[in-house]
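**Q** dropping the sequence and predicted coords here.
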Amino acid sequence: MKATLAVDEHHWWYRGRRRVIRAELDRLALPADARILDAGCGSGRTLVELADYGGQLSGVELDAGAAELARGRGLGEVQVGRLEELPWEDGAFDLITCLDVIEHVPDDTAALAELRRVARPGGWLLVTVPAYQALWSRHDEANHHFRRYSRSMLRGAARAAGWQIERVSSFNSLLLAPAAAVRLAQRRTGARNGNGSDLDVGPAWLNDILERPLAMEASWLGRGRTLPMGLSLLAVLRSPPAA
């Protein structure tokens, strides 16, 4: 459990992604008392950020141990459950975040459709996913991914689930080339990388260095711009407003 908290709090990827997410959320027109759901909330670290954007927070997490950690933060209700069967009424939330989650779900369209069910008309969904199936590696296997995404795949799943697509962008761009080189080299040589995950927490100085490109990207995205390529994709989706 302590290891989970350490990764969520200190790893450069999670720190940098939080910057990117905040840059996107700052651009949304949310009511002051927004009801917000973090779908796949893990240990609840994202709920800390979401507390600045709404009046009522909820989380749902498949892993009971992680959900217990999230509840311990005291930031709102946290349910144990699956994305495909959410325990809330229709039209409950003004904003939903679903960060690097739907790649873990066998039927991503069904999960996105269930997220739309619990979104209010005109409500928002911010989703992030890993990009480029060609970069599939032992990291994906270790983290029980079903797929990595292209833009067309992500757009297609979102549209099939009934979402309107407001914007799609890549991020984590500057590290794409070195990460691709390492993963492709490992694939050619059959090299093993520990337990297969890329999410070991390194020294603080290295985390600071690796986070800087994401900080610059967050500033760029916060101006409404996009990035053409990167290790990850984000999409800002909207539930169709009521007629």
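**A** Perfect, I can see it now. Numbering: from 1, shown residues only.
**Q** can you name the residues in contact with the longest helix seen in the chain?
**A** Among the segments of the chain that qualify as a helix by DSSP state H, the longest is helix 204-221. Contact partners of helix 204-221, identified using CB atoms under 8 Å, 6 or more residues apart in numbering, comprise 10-13, 15-17, 19-20, 22-24, 169, 171-175, 201, 227, 230, 234. Yep, even glycine has a C-beta here, placed from its N, CA and C like the rest.
**Q** so where's the protein shaky on pLDDT?
**A** 1-4, 190-201, 243 (pLDDT under 70).
**Q** where exactly do the strands run in it?
**A** When assigned using DSSP state E, the strands of the chain occupy the ranges 35-39, 56-61, 77-80, 93-99, 119-130, 164-171, 232-238.
**Q** please name the bridge partners of the residue nearest the centre of the chain.
**A** In the chain, the residue lying closest to the centroid (CA atoms, centre = their mean) is residue 99, at 1.3 Å. Taking DSSP bridges as the rule, residue 99 bridges to residue 128.
**Q** OK, contacts around it?
**A** 17, 21, 38, 40, 46, 126, 127, 128.
**Q** ok, residue 227 next?
**A** Going by CB under 8 Å, 6+ apart, the list of residues near residue 227 reads 169, 170, 171, 173, 217, 220, 221.
**Q** and residue 58, by the same measure?
**A** With contacts defined as CB under 8 Å, 6+ apart, residue 58 is in contact with 35, 36, 37, 38, 76, 77, 78, 79, 88, 93.
**Q** look up the closest residue to the fifth one, ignoring the ones flanking it.
**A** Excluding the flanking residues, the one nearest residue 76 by CB to CB, 6 or more residues apart in numbering is residue 57, at 3.2 Å.
**Q** so what's that neighbour bridging to?
**A** When bridges are called by DSSP bridges, residue 57 pairs up with residue 36.
**Q** cool, residue 236 as well?
**A** residue 126, residue 167.
**Q** quick check, it in contact with residue 124.
**A** Yes. Using CB atoms under 8 Å, residue 236 is in contact with residue 124, at 6.8 Å.
**Q** these two: who's more crowded?
**A** residue 124 (24 against 19; other CB atoms under 10 Å).
**Q** find the nearest non-adjacent residue to that one, please.
**A** residue 95 (4.9 Å).
**Q** roughly how far does the one you found sit from residue 35?
**A** 8 Å (CB to CB, to the nearest Å).
**Q** intersection of neighbour lists for the two?
**A** residue 54.
**Q** wait, what's in contact with residue 154?
**A** By CB under 8 Å, 6+ apart, the contact list for residue 154 reads 127, 129, 168, 233, 235.
**Q** of those residues - the most surrounded one?
**A** Highest neighbour count within the contacts of residue 154, by other CB under 10 Å: residue 127, with 28 neighbours.
**Q** test my guess that that one contacts residue 238.
**A** No. With contact defined as CB under 8 Å, residue 127 and residue 238 do not form a contacting pair (11.9 Å).
**Q** mind listing what's buried in the longest helix of the chain?
**A** Under the neighbour-count criterion of 16 or more other CB atoms under 10 Å, helix 204-221 has 207, 210, 211, 213, 214, 217, 218, 220, 221 buried.
**Q** distance from it to the middle of the chain?
**A** 17 Å (CA atoms, centre = their mean, to the nearest Å).
**Q** do stretch 221-228 as well
**A** Per CA atoms, centre = their mean, the centroid offset for stretch 221-228 relative to its chain is 17 Å.
**Q** the residue lying farthest from the centre of the chain and residue 136, how far apart?
**A** What lies farthest from the middle of the chain is residue 189; by CA atoms, centre = their mean that is 30.8 Å. Applying CB to CB, the value for residue 189 to residue 136 is 16 Å.
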